[in-house]
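Q: This is a predicted model, with the sequence first.
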Amino acid sequence: MKFIIMGLGNFGASLAEKLTIQGNEVIGIDTRMNKVDALKEKISHTICMDATDEFTVSGLPLKDTDIVVVAIGEDQGANIMVTALLKNLNVKRLISRAINPLHEKVLQAIGVDEIVHPEEETAERWAKKLCLVGVVDSYELSDDFSIVEVNVPQQYIGKTIMETNIRKKYNLLVLTTIKSSEVLSSVGHSKKIRNVQGVASSDLLLEKDDVLVVYGANKDIKALLKKKFN
């Protein structure tokens with residue numbers, strides 16, 4: 001996959017490195033040459049530029065980029081300007097960093113696809129979430145085991161957990177499911193509310209747009225995702 005990371009502070013730099021290690025093409029951008037120089041041997045490409053300049057940003061390979069992450073944290077104004085600019089340029093998937101609740105409301109009003117809270121979420125977690133197709137979120141318990149949230153594969157819709165045979169086929173345990181409903185936010189935009197359904201039983205019927213919360217070895221999780229989403 002191809003990523004552009006705007007802002008190479010602690011979170012942005014760490015995310016860019018982890019995504020590169022996992023085999024992705026990453027362009028890291030910052031206005032500070034020392035940040036760019038520090039990463040030029042660690043990620044695919046680095047550029048020193050002002051991401052608030054529309055002319056310069058429009059020259060980036062945005063159409064060929066799968067995900068753009070605005071990781072700027074020190075300057076909320078720059079973060080909002082860059083996010084709005086990228087939204088207007090219709091990037092495929094836009095993720096931006098929120099510093100506080102008010103900032104998050106502004107980003108929601110702009111219409112970003114997802115919001116990052118680096119003070120609460122690690123770059124490791126986001127790297128896994130962005131790299132594994134079908135993963136909604138992940139919680140790494142150790143180097144070998146994780147709990148992940150996975151969109152229900154199309155072929156499992158209308159089946160019970162027992163009928164999917166996930167436990168036997170992939171040695172994975174379905175802990176629960178999550179359903180989403182849409183409500184209006186305080187700025188008038190619709191947003192999804194996630195409702196955890198409790199401990200999953202073997203006769204639980206899976207429905208469209210459900211999210212499975214699965215526990216198991218990372219290698220088994222990857223096997224499930226490779227089989228069902230490729």
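A: Sure thing, it's come through. Numbers count the residues shown, from 1 in each chain.

Q: For the nearest residue to residue 173 once chain neighbours are set aside, grab phi and psi.
A: Take residue 173 and drop its neighbours on the chain: the residue closest to it by Cβ to Cβ, 6 or more residues apart in numbering is residue 215, 4.7 Å away. Heads up, the C-betas are built off the backbone N, CA and C, glycines and all. Dihedral pair for residue 215: phi -120, psi 140, per degrees, to the nearest 10.

Q: Regarding the protein, what is its longest strand?
A: Criterion DSSP state E: the longest strand present in the chain is strand 173-184.

Q: What are the buried residues along stretch 44-51?
A: 44, 46, 48, 51 (16 or more other Cβ atoms under 10 Å).

Q: Quick check: the last one touching residue 57?
A: Same thing as residue 51. Yes - look at residue 51 against residue 57 with Cβ atoms under 8 Å: they come within range, at 5.9 Å.

Q: quick one: least confident helix or strand in this structure?
A: Lowest by mean pLDDT, DSSP states H and E among the helices and strands of the chain is strand 135-140, with a mean of 64.

Q: Look up phi and psi at residue 145.
A: With angles defined as degrees, to the nearest 10, residue 145 sits at phi -130, psi 140.

Q: Next, the contact list for it, please.
A: Contacts for residue 145 (Cβ atoms under 8 Å, 6 or more residues apart in numbering) come out as 215-218.

Q: Just the buried ones among these, please.
A: By 16+ other Cβ under 10 Å, the contacts of residue 145 give 215-216, 218 as buried.

Q: so how far is residue 200 from residue 162?
A: 10 Å (Cβ to Cβ, to the nearest Å).

Q: Which one's more surrounded, those two?
A: Using other Cβ atoms under 10 Å, the more surrounded residue of residue 162 and residue 200 is residue 200, with 18 against 14.

Q: Kindly state the pLDDT recorded for the more buried one?
A: In the prediction, the pLDDT value recorded for residue 200 is 83.

Q: for this structure, what spans make up the strands?
A: For the chain, the strands defined by DSSP E occupy 2-6, 25-30, 45-48, 67-70, 94-97, 114-116, 135-140, 145-151, 173-184, 190-199, 211-217.

Q: quick one on the thing from earlier: find residues that contact each of residue 51 and residue 57.
A: In terms of Cβ under 8 Å, 6+ apart, residue 51 and residue 57 are both contacted by the residues 82, 85.

Q: Show me the domain layout of the protein.
A: The chain breaks down by automatic domain parsing into domains covering 2-128, 133-229.
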